[in-house]
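A.B. asks: mind folding the following:
(2 chains)
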Amino acid sequence: MAEEKKKRIAIIASKGTLDMAYPPLILATTALSMDMEAGIFFTLYGINILRKDKQESLKVAPLANPAMPVPVPNIMGVIPGMTAMATSMMKGWIKKINWPTIPELLEMCVEEGARLIACSPTMEMLDLKKEDLIDGVEIAGAADFLEFASEADITLFI
Amino acid sequence: MPYSLDLSRAKCPMVVYNLNKEMRKLSSGEVLEVVVTDPAAEKDIPAWSRTTGNEIIETIKTENNIKFKIRKK
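C.D. replies: Reported below is the predicted structural model:
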């Protein structure tokens, strides 16, 4: 008997801030837990999520982020130290709700067989080598992602 | 010996992730009892059940938590 074709989610992760690193990884781990296939294409600043030297130090930008609950005018976000403050606040909330960290979510993705695809022009632009990224990452370009996404039931740009 | 899993305090996505991982330990037809406190789980676990084919055979909702009994596909 032919095996039933699995549902598939294809995500583009284009942002490298701590807050925006969560949605693609949460959706991918959940999809994998629901017997779906998942692939994430990390491009532009999104590639920071995969960097060994950056994945633990992703930040939240308070500047031009009116959703920050910090009760100070938004322009204060330019002051040195505000990004660090916003970041440590968010890390505090993450801990409080018992959420996994970004490295933990990535480990779950790799363990469950997600395709983690690093965009090769971005790597060249940022002078990154394969060994600068976590294990389990593939390097490819738009055509490879599009082929994967053309068979997907869900596609998202984050 | 029934299987049980306490996911109190776990939040989305860890509820479904840990539930699915635990389910792999069971053989087809065996039942797992899981306790959750995340309000999202009331919808998420049935959605996971429909997608994966593991059947919810009982749902007990109390003031503090929800208990699902799930039969492995």
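
A.B. asks: quick one: contacts for B:Thr37?
C.D. replies: By CB atoms under 8 Å, 6 or more residues apart in numbering or on different chains, the residues touching B:Thr37 are B:Leu7, B:Ser8, B:Arg9, B:Ala10, B:Asn64, B:Asn65, B:Ile66. The C-beta positions use only the backbone N, C-alpha and C, and glycine is treated the same way.

A.B. asks: dihedrals phi and psi, B:Asp6?
C.D. replies: Per-residue torsions, B:Asp6: phi -100, psi 110 (degrees, to the nearest 10).

A.B. asks: count of neighbours near it?
C.D. replies: Neighbour count for B:Asp6, taken as other CB atoms under 10 Å in any protein chain shown: 14.

A.B. asks: try the one 3 residues further on
C.D. replies: Burial of B:Arg9 is recorded as 12 neighbouring residues (other CB under 10 Å).

A.B. asks: helix, strand, or coil at the spatially closest residue to it that is not a sequence neighbour?
C.D. replies: Nearest non-adjacent residue to B:Arg9, counting by CB to CB, 6 or more residues apart in numbering or on different chains: A:Asn98, 5.5 Å away. Of the three states, A:Asn98 takes coil under DSSP: H, G, I helix; E, B strand; the rest coil.

A.B. asks: doesn't B:Ser8 make contact with A:Asn98?
C.D. replies: No - counting by CB atoms under 8 Å, A:Asn98 does not reach B:Ser8; the two are 10.2 Å apart.
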